[in-house]
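S.K.: quick one, structure for this:
(chains A and B)
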Amino acid sequence: MENQEFAQIFWQIADFLELKNDNPFKVRAYRRAAQVIESLSHNLADVYQTGGIKALEDIPGIGEHIAQKIEEKIKTGRVKAFNQLAKEFPREFLDLINIPGVGPKTAILLYKKLKIDTINKLEKAAKSGALNDLPGMGVKKTENILRGITLKKKSHGRFLLDDATAHAELIIEELKKLKEVKKILPCGSLRRGQETIGDIDILIVSDQPETVMDHFAKLAAVQHVLAKGTTKSSVVLKNGMQADLRVVEDKSFGSAAHYFTGSKDHNIAIRVMAQKRGLKVSEYGVFRGKTQLAGKTEEEFYKKFGLQYIPPELRENRGELEAAKHHTIPELVELSDIKGDLHMHTTASDGFNSIAEMAAAAKKLGYEYIAITDHSQSTRVAHGLKSQELLKHIKEIKAVAKKLTGIKILAGSEVDILPNGDIDYSDELLAQLDIVLISIHANFKMPRREMTQRIVKALANPHSNLLTHPTGRLIGEREPYEVDMEEVLQAAKKYHKLIEVNAHPKRLDLTDVYCKRAKELGVKIVISTDAHATDQLNLMRYGVTTARRGWLEARDVANTLPLAKLQKLL
DNA sequence: GCCGTTTTCGGCCCGACTGTTTTCAGTCG
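M.R.: Residues are numbered from 1 along each chain as shown, chains lettered A, B, ... in the order given. Okay, here's the model as predicted:
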């Protein structure tokens, strides 16, 4: 049973309780538990099997009652309390509170007064004007709800990291032109490098907030203004993404950056810490009474609590506050540490550029080496190379390598893991390659057990070096296949194999949570782009961000090594 | 419902903006 299944139940219990106007702290407790479960690198069912209910209760945020519900789910496959709550509301009802502008109070009001229990019914009622007469509702609220529905339908909520980054950078470029803008910083999940982004958050220091807000609301990319005040404004962009702008004075920049970067759970944890010391934390600073004690910089902000500076990628309340207290925050890997890209395709299979073009582009990025890794014969849709073709391709790679100075090229292949766990070329052929990537491109829908064995067998193959995009997911398009990642990582450790963090914004797997687990096990990671064209080599930054979110340092990442050392490792 | 180097009971982060209100509830981040 996947952790996500448990988390889902607790997210929904929280929503139900909120609708029922239950104790808000109880609601929060369920949400916290759900969030904690999602960020566990261990399988919750395994934790229970080995340590029982006691081990569950040892997880912060999980106490007696939630532990019991987890046990119940494992033993019986269901949670009675959840089923009872679900019975009280129609199936699609929870969708309503996910519409921007509709919260629990409004949802219940709509249900009680107008029997509205689906988004479609809500849309119809709003258009007919039936909502306007409800207590606390009016024409403007109805308009807001309709806009919320449109936005929801259009965007499905979240955007890929590269898409959001590009939009944020455009807005920042525009706002930077104003002389009233003294400092500008993208914050929120974008700054934390989360794999998907809900909205763009931008922080500005200015002593003329009105001017800045006016310009923001009138940017060419803006479709609609949701809210506009002197310190805070929100707009919807033409691509359906929401952007929030916050303006503060310079003396609050650090605190505001911290507040606006989040995560929410990280912020709450800090504020609890502050409370215990008789201090108050807000976006304006750290205060004792009315006196500001810190807030100009983030470093100063953390220092006030005796904490080491915490890089944004770690601010998820996943142990970083504890680490900062003990001054054991890792020195995270940086883009400049990367010495080569070990996963890319050329026109030989499904890429758009030649070996020489890819190499030249990589050299421009300052890399010491690359590996050319086209698809193997079974991946027919990607023009995978037959054995004879691969032999010829290896010769070509070596010929190009000879001509080029300043960058070394490894002859590799991204070889399919067949359904039985064999890999897609003969041992003789594999022996001629400098690096063998292994990956799954077909037969995704295998039972968890079989899929795990399939991958473990491929890792055990003496010719394989690097397992690429280990979950097979495409964010927003394809779910990861069922696999026991713990067992895969254990196998990688046993056979001394490498695991990839695929830097493509749709993949970004190995995921952050399992990066951390790999590090604990001593399994080395490779960050690579899987580029199918020269410009995709630039996606490396997103892989590095994911690795940073997984607490990885340069020494945990194999392609920060110089070539000689890397080859020794291979 | 969770949690405790003040506590096993009584707390639980903090503030901005909007719309519908005559002082604030709801929503959001």
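S.K.: look up how far A:E486 lies from A:K54.
M.R.: 20 Å (Cβ to Cβ, to the nearest Å). Heads up, the C-betas are built off the backbone N, CA and C, glycines and all.
S.K.: so between those two, which is more surrounded?
M.R.: A count of neighbours by other Cβ atoms under 10 Å puts A:E486 above the other of A:K54 and A:E486, at 16 against 9.
S.K.: my read: the more buried one touches A:E520, true?
M.R.: No - using Cβ atoms under 8 Å as the test, A:E486 is too far from A:E520 to be in contact (10.9 Å).
S.K.: which residues does stretch A:345-360 contact?
M.R.: Contacts of stretch A:345-360 with the rest of the structure, by Cβ atoms under 8 Å, 6 or more residues apart in numbering, involve A:344, A:361, A:370, A:372-375, A:379, A:381-385, A:389, A:393, A:396-397, A:400-401, A:403-404, A:407, A:409, A:414, A:530-534, A:537.
S.K.: from the chain's centre, how far out does that stretch sit?
M.R.: Taking Cα atoms, centre = their mean, to the nearest Å, one finds the center of stretch A:345-360 at 29 Å from the center of the full chain.
S.K.: got the residue ranges for the helices in the stretch 1-150 of chain A?
M.R.: A:3-19, A:24-38, A:44-57, A:64-76, A:80-88, A:93-96, A:104-114, A:119-128, A:139-155 (DSSP state H, counting those that start in this stretch).
S.K.: quick one: these as CSV, columns for distance to DNA strand B and mean pLDDT too.
M.R.: Output for those, formatted as CSV (distance: least, Cβ to the nearest atom of the strand, whole Å; pLDDT from 0 to 100):
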stretch, distance to DNA strand B, mean pLDDT
helix A:3-19, 8, 91
helix A:24-38, 3, 89
helix A:44-57, 7, 91
helix A:64-76, 3, 94
helix A:80-88, 7, 91
helix A:93-96, 9, 87
helix A:104-114, 3, 89
helix A:119-128, 12, 89
helix A:139-155, 4, 82
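S.K.: can I get those in a markdown table including distance to A:K494?
M.R.: Formatted as a markdown table, the helices of the stretch 1-150 of chain A follow (distance: least, Cβ to Cβ, whole Å):
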| stretch | distance to A:K494 |
| --- | --- |
| helix A:3-19 | 24 |
| helix A:24-38 | 28 |
| helix A:44-57 | 18 |
| helix A:64-76 | 28 |
| helix A:80-88 | 39 |
| helix A:93-96 | 43 |
| helix A:104-114 | 49 |
| helix A:119-128 | 49 |
| helix A:139-155 | 43 |
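S.K.: right, and the ones you listed - which one's nearest A:A547?
M.R.: Comparison of those against A:A547 by Cβ to Cβ identifies helix A:24-38 as nearest, at 19.1 Å.
S.K.: ok so A:Q223 is a strand residue?
M.R.: Yes - if the criterion is DSSP: H, G, I helix; E, B strand; the rest coil, then A:Q223 is within a strand.
S.K.: list the contacts of the closest residue to it other than its chain neighbours.
M.R.: Distances taken as Cβ to Cβ, 6 or more residues apart in numbering put A:K238 closest to A:Q223, at 4.7 Å, once the chain neighbours are dropped. A:K238 makes contacts with A:A221, A:V222, A:Q223, as judged by Cβ under 8 Å, 6+ apart.
S.K.: quick one: list the elements packing against whichever strand or helix holds A:A324.
M.R.: Element membership of A:A324 [criterion: DSSP states H and E] is helix A:320-325. If you count contacts as 3 or more Cβ pairs under 8 Å, 6 or more residues apart in numbering; DSSP states H and E, helix A:320-325 packs onto helix A:264-276.
S.K.: the helix it packs on and DNA strand B in contact?
M.R.: Yes - part of helix A:264-276 sits near DNA strand B under the criterion Cβ under 7 Å from any atom of the strand, namely A:K264, A:N267, A:I268, A:R271, A:V272, A:A274, A:Q275, A:K276.
S.K.: likewise stretch A:207-219?
M.R.: No - judged by Cβ under 7 Å from any atom of the strand, stretch A:207-219 makes no contact with DNA strand B; its nearest approach is 8.0 Å.
S.K.: report the angle between the helix or strand hosting A:Y514 and helix A:3-19.
M.R.: Element membership for A:Y514 (DSSP H and E) is helix A:512-521. Relative orientation of helix A:512-521 versus helix A:3-19 (axes from the mean of the first three to the mean of the last three Cα atoms, to 10 degrees): 130 degrees.
S.K.: specify the local secondary structure of A:T373.
M.R.: strand.
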